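Student: How does the following fold in three dimensions:
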Amino acid sequence: MPETNPPQSVQIVQTQLPDFVQARIESLSVRCANQHWGDQHLLHGATPGPDALHLSSNDYLCLATEPPLIEAHARAVLQTRHQLLMSAAFLHGDTPMSRLEQRLAHFIGAQDSILCQSGWVANVGLLQAIANKDIPVYLDIQAHMSLWQGAQAAGARPIAFAHNDAAHAQRQIMKNGRGVIAVDAIYSTNGSRCPLEDFAEVAQRHNCALVVDESHSLGTHGPQGAGLVAQHRLSDRVHFQTASLAKAFAGRAGLITCPVGFKDYFAMESYPAIFSSSLLDHELTWFEEAADFLQHADERRSRLHAISHRVRTALAELGYDVSAGTEQIIALESGLESRTLRLRDALQTRGIFGSVFCAPATGLNRSLMRLTMNCGLTDEDIDRLIGACSEMRDDVRLDLWRGYSPARSE
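Tutor: Residues are numbered from 1 along each chain as shown. Take a look at the predicted model:
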């Protein structure tokens with residue numbers, strides 16, 4: 001055999017960043033100091049121990065560790081022989097991806113669907129393709145950041161309306177003209193539900209396009225997990241549904257439902273669709289298996305809803321204001337980032353790990369800890385969470401929080 005020389009290591013050199021980039025980096029340190037973070041990072045606290053209770057995952061129905069899905073996924077990886085790594089814009093005819101798109105459309109109750117690389121790409125790509133400088137985008141003030149970025153990508157004017165306030169949205173439309181209304185079915189910050197019927201009525205009355213992001217309701221709500229649009233029988237009045245498949249589907253992709261004929265237009269007009277590669281065969285296999293599993297997961301959905309109700313009820317009785325939401329995403333809104341740092345540490349000291357949300361994911365001085373429920377939590381886990389929240393009320397100065405009310409037992 002011919003001799004081979006060992007690979008030469010590449011010399012690592014330090015690059016000096018331009019001053020305007022360095023200034024932006026340093027501005028974070030200034031903000032952290034102003035918010036009294038001390039020597040800590042707000043998002044990164046203690047390292048979870050082996051007995052930690054994790055309440056930060058969006059795998060609401062615990063599919064990520066489901067053996068049949070993992071085995072089907074592994075078989076698909078091992079059986080792969082030849083795939084074309086290219087944009088989905090070049091795919092046509094009967095392909096594995098188009099078949100899965102039809103399968104997922106039927107799952108939701110839509111005419112057709114489009115698979116994307118992520119929920120972010122789905123929202124940005126859709127709004128970029130249907131809005132423009134003459135078509136404003138009306139956004140719930142708590143709409144996901146990807147929807148705001150989609151309006152920006154379209155060159156459209158983003159116009160905010162008060163959270164879940166269809167009457168305010170209508171006043172904005174009457175003032176600024178018809179356009180695209182974009183809402184979340186369940187809002188990712190506090191678990192509040194959108195009054196979808198009200199927005200469908202406003203959209204129909206003013207000839208607007210209605211986009212509903214079902215990221216946190218697809219799989220967990222509706223008939224066989226078809227989502228809240230299907231549950232409210234609004235499929236014929238909602239023009240587009242979008243979703244991240246990194247939640248209940250436990251994968252890594254995004255989805256857009258659409259009318260027949262829209263897909264070809266989207267493939268030619270949406271920049272994320274044109275300039276991104278399509279999904280691979282083993283990824284398609286995961287979502288096909290997940291869709292089958294989710295349609296028969298009523299017991300897990302019921303367990304998830306029961307857990308969410310029990311925890312919300314208990315927290316309210318302890319004096320925490322969780323009234324903004326109703327679903328599996330539960331927000332403990334401490335407000336100031338210094339208070340949220342104290343809250344994070346109090347939970348982590350007791351082995352409970354959630355997610356810190358602060359600006360830009362929330363408004364200024366509206367930071368919070370987000371606790372996401374899943375159907376795999378045991379009664380002991382729930383007791384542990386409720387006990388910790390009871391025990392730490394003085395530590396986190398709950399009496400200073402917005403919406404605080406004395407515990408019913410006091």
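Student: got the contact list for His206?
Tutor: Gln170, Ile173, Met174, Arg178 (C-beta atoms under 8 Å, 6 or more residues apart in numbering). Glycine gets a C-beta too; all of them are placed from N, C-alpha and C.
Student: What segments of the stretch 251-400 of the chain are strands?
Tutor: 254-258, 329-335, 352-353, 355-357, 367-372 (DSSP state E, counting those that start in this stretch).
Student: Let me have those in CSV, extended by mean neighbour count.
Tutor: Shown next, in CSV, are the strands of the stretch 251-400 of the chain (neighbours: other C-beta atoms under 10 Å):
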stretch, mean neighbour count
strand 254-258, 27
strand 329-335, 23
strand 352-353, 22
strand 355-357, 20
strand 367-372, 24
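Student: JSON lines for these, including distance to Val77?
Tutor: Listed next are the strands of the stretch 251-400 of the chain as JSON lines, based on distance: least, C-beta to C-beta, whole Å:
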{"stretch": "strand 254-258", "distance to Val77": "21"}
{"stretch": "strand 329-335", "distance to Val77": "32"}
{"stretch": "strand 352-353", "distance to Val77": "31"}
{"stretch": "strand 355-357", "distance to Val77": "30"}
{"stretch": "strand 367-372", "distance to Val77": "29"}
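Student: Can you add mean pLDDT and give the ones you listed back as JSON lines?
Tutor: As requested, the strands of the stretch 251-400 of the chain are exported to JSON lines (pLDDT from 0 to 100):
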{"stretch": "strand 254-258", "mean pLDDT": "97"}
{"stretch": "strand 329-335", "mean pLDDT": "92"}
{"stretch": "strand 352-353", "mean pLDDT": "96"}
{"stretch": "strand 355-357", "mean pLDDT": "90"}
{"stretch": "strand 367-372", "mean pLDDT": "93"}
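Student: Now do the contacts for Asp184.
Tutor: Counted by C-beta under 8 Å, 6+ apart, Asp184 has contacts Asp140, Gln142, Ala143, His144, Cys194, Val212, Asp213, Ser215, His216.
Student: no no, His41
Tutor: Cys32.
Student: gap between it and Glu337?
Tutor: Per C-beta to C-beta, to the nearest Å, His41 is found 11 Å from Glu337.
Student: Kindly report the same for Gly225.
Tutor: For Gly225 relative to Glu337 (C-beta to C-beta), the value is 36 Å.
Student: again with Asp112
Tutor: Distance from Asp112 to Glu337, by C-beta to C-beta: 44 Å.
Student: who's more crowded, these two?
Tutor: Neighbours were counted for Asp112 and for Glu337 using other C-beta atoms under 10 Å; Glu337 has more, 23 against 18.
Student: quick one: the more buried one and Arg366 touch, right?
Tutor: No. Between Glu337 and Arg366 there is no contact under C-beta atoms under 8 Å: 9.8 Å.
Student: Can you show me the helices along the stretch 301-410 of the chain?
Tutor: 337-349, 379-391 (DSSP state H, counting those that start in this stretch).
Student: again with the stretch 101-250 of the chain
Tutor: Taking DSSP H, counting those that start in this stretch, the helices of the stretch 101-250 of the chain run over residues 119-130, 145-154, 166-176, 196-205, 228-231.
Student: Please identify the most buried of the ones you listed.
Tutor: Among the helices of the stretch 101-250 of the chain, the stretch with the highest mean neighbour count (mean count of other C-beta atoms under 10 Å) is helix 119-130, at a mean of 27.
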